[in-house]
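In: What follows is a protein structure lacking sequence information:
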Ligand code: NAP
């Protein structure tokens, strides 16, 4: 079912000139249709939409399954995006995603706000099966299901998300100039986030539930040597507090059970992330990091005709722009694969 709240967002905005001559009519893939599509894309973040733009412009008439609950991916819940090239004054995350989606639609991408339940990927014709049981056939599949940041699951985390709670220092650190911040976690991501945030913040508490970091030695040394970073050991976050923006966090000492309050202006949660691979976990080869394994710099997975792009193959960079580039690669790989079939 289309997501009501997003209905119409993907039509071209008023005032945008659409070259209708260039628009191919997307195939009317009825639920469970019997036609064989060239490309089906699963996932609607920057990777999926960019793959759709390239595939549609190559006349491959892609069918894209965006989720019924969270089409557009993580950027739909971000506020201002200032590091995506092309927007001098920045752009709101949801606007960026709806615009890229509209661009994909402009060239004939058929976007459906439905959830893919399972995939059958072996053989030349693959099956994409939705939660209502309807089945779509395709020669190639591009998987761009993204990743999700792990959540603390504490009071205030969700409510204050975008109001002082963030999962991305490079996205949001700029907004905390001269402020006091807490980074939660003890791995490389947490240390990296903390170090990055010292470029903007006056002080950064690195809050970890144990008394040794999991991060690599070199990263640990950088953290310990940085005068703006103060370690808060043996501390688990109980709640993130504040009316309409973060004002403090409540901590429990994991050794003494003592409770304390730390006054901060922002909280960066960096306790790891998980690629969304549930659909293909038992079908495609995965890496040790849990991402879908691809062949070198390509998007080719362990099954011919199946390509993967974006955060689901990348545990390192995880940026909107790198995901978009990866989506482009997947569409080009799919196109070359289809050409090799004919
Ligand atoms: P990670 O290594 O899994 O570390 C997650 C950290 O969060 C751990 O310290 C863990 O605590 C803590 N944690 C997990 N769940 C928690 C919870 N519910 N509450 C509080 N703390 C929690 O994840 P990562 O830091 O994202 O790194 C993932 C991979 O990417 C690693 O292989 C890492 O080396 C790599 N990476 C490398 C770089 C770099 O080299 N520059 C940068 C980023 C990531 P415990 O330690 O107690 O388990």
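Out: Sure, I can see it. Only a predicted model underlies this, so the values are computations on that prediction, with no experimental measurement involved. Residues are numbered from 1 along each chain as shown.
In: Would you mind listing what in the stretch 101-250 of the chain touches the ligand?
Out: 150, 152, 184-190, 192, 209-210, 214 (CB under 6 Å from any ligand atom). C-beta here means a position set from N, CA and C on the backbone, and glycine is covered the same way.
In: Sort out for me which of those residues are in helices.
Out: 188-190, 192 (DSSP state H).
In: how about those in JSON lines, adding neighbour count and pLDDT?
Out: Shown next, in JSON lines, are these (neighbours: other CB atoms under 10 Å; pLDDT from 0 to 100):
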{"residue": "188", "neighbour count": "17", "pLDDT": "90"}
{"residue": "189", "neighbour count": "25", "pLDDT": "88"}
{"residue": "190", "neighbour count": "26", "pLDDT": "95"}
{"residue": "192", "neighbour count": "19", "pLDDT": "92"}
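In: nearest to residue 224, of those?
Out: Proximity of those to residue 224 (CB to CB) peaks at residue 190, which lies at 13.5 Å.
In: quick one: contacts for the closest one?
Out: Contacts for residue 190 (CB atoms under 8 Å, 6 or more residues apart in numbering) come out as 183-184, 206, 208, 213, 215, 270-271.
In: what about the residue nearest to residue 207 when sequence neighbours are not counted, neighbour count?
Out: Leaving aside its chain neighbours, residue 207 sits nearest to residue 232 (4.5 Å; criterion: CB to CB, 6 or more residues apart in numbering). When neighbours are counted by other CB atoms under 10 Å, residue 232 registers 17.
In: now residue 232: how far from residue 304?
Out: Distance, residue 232 to residue 304, using CB to CB, to the nearest Å: 50 Å.
In: just residue 90 next, same as before
Out: 41 Å.
In: so what pLDDT did residue 23 get?
Out: At residue 23, the model reports a pLDDT of 33.
In: elements contacting the lowest-mean-pLDDT helix or strand in the chain?
Out: Least confident element among the helices and strands of the chain, by mean pLDDT, DSSP states H and E: strand 80-81 (a mean of 78). Helices and strands touching strand 80-81, by 3 or more CB pairs under 8 Å, 6 or more residues apart in numbering; DSSP states H and E, are strand 91-92, helix 93-106.
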